[in-house]
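Participant: Provided below for reference: sequence and predicted model.
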Amino acid sequence: MIITEENILAALRNVEDPDLKKDLVTLNMIKDVKINDKNIAFTLELTTPACPLKDMLKNACVNAIKHFVAADAIIDINITSRVSKPVDTSQLKAIKNIILVSSGKGGVGKSTVASNLAITLAKNGAKVGLIDADIYGPSVPTMFNLVGAKPSAKETEDGKTLIEPIEQYGIKLLSLGFFADPDQPVPWRGPMASNAIKQLFNDADWGALDYLLVDLPPGTGDIHITICQTFPIAGAVIVTTPQQVALADTRKGLAMFKMPGIDIPVLGVIENMAYFIPEELPENKYYIFGKDGGKMLAEQFDVPFLGEIPLVQGISTSGDNGRPISLEDNNPQSFAFNEIAGKVAQQISINNIK
Ligand SMILES: Nc1ncnc2c1ncn2[C@@H]1O[C@H](COP(=O)(O)OP(=O)(O)OP(=O)(O)O)[C@@H](O)[C@H]1O
């Protein structure tokens, strides 16, 4: 068979993206096909740089071309991505997907998860921002080694003043902690807190972002309602620990996102501190808070289970030292965060195609 672009595209129509349930040609993911004798090159444009199916799709393309077009073809696939976004007409047009990171209870590791997910998505090549909206105890300044940092302001051409997010580890950051005295007992309350948070979205120079993560305060309250009702949210990630007391509060958090008038897609549940691994015995797992609580909760609410993170000292010390663990490339916990970040991005891509 003569190798033509039509033959190649016809072959690739047999490759379906298992998440998006359509073939790669219909999804407009195949670009720039070039043919030179038996050499075939093209670009496969994914919906997220963190796509967990990258290798699988690449292999499927090679197999389809070899099977339907030419068994001896030499195939070179260049993988890129263009992050998809929900259809919306909001003022935050340059921000493609706002992801809420939420928990029913305080102290379950929501900020740890939000920070590590942000870093992991950025490491995969996405443009990422993080808003720390935790009015009770903003932890982003500590986790990103930015205690005492103050964002600067800039004047736009039309005379508006914009806050400049602070960039650290490739992520644009704004935290309520940058604007309050860390020793003040209750820095933000009621309408003042809601207004401050709205400003972090509306009056900041975010530029173009693929993902803007929001570290919410624990529980369900005014801040949650304000954010959910003011901004177009792509979805919420729920962080829980396996104890019954945490799960009970997580149920309420999950139910809030499903309430009429809020109705935010739940991207899934992450079980943090799922088991304890002692540093000197890394093969041993101790289920000190019970087993599979997060997984069962996800099943019960019919939302995806995104994965589990163990309780390890390295996660806590790295956060306290201002360099979250996922900055380390070869750490098992970085692999765990990479898998979870891939699943979060995958769920967003699935929702955006609906
Ligand atoms: N998987 C883990 N292993 C070890 N320590 C952890 C883990 N996850 C979180 N921690 C530690 O637990 C503490 C609380 O975590 P974090 O601040 O992320 O929780 P949070 O849910 O955001 O809390 P808050 O309710 O105050 O916002 C921190 O000291 C953090 O380093």
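Facilitator: Cool, the structure landed. Numbers count the residues shown, from 1 in each chain.
Participant: Tell me which stretches of the stretch 1-150 of the chain form strands.
Facilitator: Assigned by DSSP state E, counting those that start in this stretch, the stretch 1-150 of the chain shows strands spanning 16-17, 22-23, 30-36, 39-46, 74-81, 95-103, 128-132.
Participant: so how far is the strand ranked longest in the chain off the chain centroid?
Facilitator: Using DSSP state E, we find that the single longest strand of the chain is strand 266-276. When distances are taken as CA atoms, centre = their mean, to the nearest Å, strand 266-276 is centred 14 Å away from the chain's centroid.
Participant: Ok, stretch 316-324 next?
Facilitator: Put simply, stretch 316-324 sits 20 Å off its chain's centre (CA atoms, centre = their mean).
Participant: Now do the same contact list for the spatially closest residue to F178 that is not a sequence neighbour.
Facilitator: With CB to CB, 6 or more residues apart in numbering as the measure, P151 is the residue that lies nearest to F178, at 5.6 Å, once sequence neighbours are left out. Quick note: C-beta positions are derived from backbone N, CA and C, even for glycine. Taking CB atoms under 8 Å, 6 or more residues apart in numbering, we find P151 in contact with 163-166, 174, 178.
Participant: again, 10 Å this time
Facilitator: Contacts here follow CB atoms under 10 Å, 6 or more residues apart in numbering; on that basis P151 touches 162-166, 173-175, 178-179, 200, 204-205.
Participant: again, but for G207
Facilitator: Listed by CB under 10 Å, 6+ apart, the contact set of G207 reads 94-95, 127, 129, 165, 172.
Participant: Kindly report the residues of this protein close to the ligand.
Facilitator: Neighbours of the ligand within the chain, by CB under 6 Å from any ligand atom: 103, 106-112, 134, 137, 139, 218, 272-273, 309, 311-312, 315-316, 319.
Participant: Give me the subset of the contacts of P151 lying in strands.
Facilitator: In this view, those that belong to strands under DSSP E are 162-163, 166, 173-175.
Participant: Please convert the buried members of the residues you listed into PyMOL selection syntax.
Facilitator: Buried subset of those, written as a PyMOL selection, criterion 16 or more other CB atoms under 10 Å:
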select buried, resi 162+163+166+173+174+175
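Participant: from the ones in strands among the contacts of P151, which is closest to E6?
Facilitator: L173 (48.0 Å; CB to CB).
Participant: quick revisit: any idea how far the residue nearest to F178 is from F201?
Facilitator: Using CB to CB, to the nearest Å, P151 is found at 14 Å from F201.
Participant: G107 now?
Facilitator: Taken as CB to CB, the span from G107 to F201 is 26 Å.
Participant: Those two - which one has more neighbours?
Facilitator: Taking other CB atoms under 10 Å, G107 and F201 do not tie; F201 has more neighbours (22 against 12).
Participant: where in this protein is pLDDT low?
Facilitator: Counting by pLDDT under 70, the chain has low-confidence residues at 88-91, 184-188.
Participant: who does the longest helix belonging to it touch, helix- and strand-wise?
Facilitator: Longest helix in the chain, counting residues (DSSP state H): helix 332-353. Judged by 3 or more CB pairs under 10 Å, 6 or more residues apart in numbering; DSSP states H and E, the packing partners of helix 332-353 are strand 16-17, strand 95-103, helix 110-123, strand 209-215, strand 235-240, strand 266-276, strand 305-311, helix 313-320.
Participant: will you turn the ones you listed into TSV that also has mean neighbour count?
Facilitator: Below are these laid out as TSV (neighbours: other CB atoms under 10 Å):
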stretch	mean neighbour count
strand 16-17	18
strand 95-103	26
helix 110-123	27
strand 209-215	26
strand 235-240	27
strand 266-276	24
strand 305-311	21
helix 313-320	16
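Participant: circling back to that earlier point, need the ones in strands among the contacts of P151 in CSV (columns: distance to L27).
Facilitator: Putting these into CSV (distance: CB to CB, whole Å) gives the following:
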residue, distance to L27
L162, 36
I163, 37
I166, 37
L173, 33
L174, 34
S175, 37
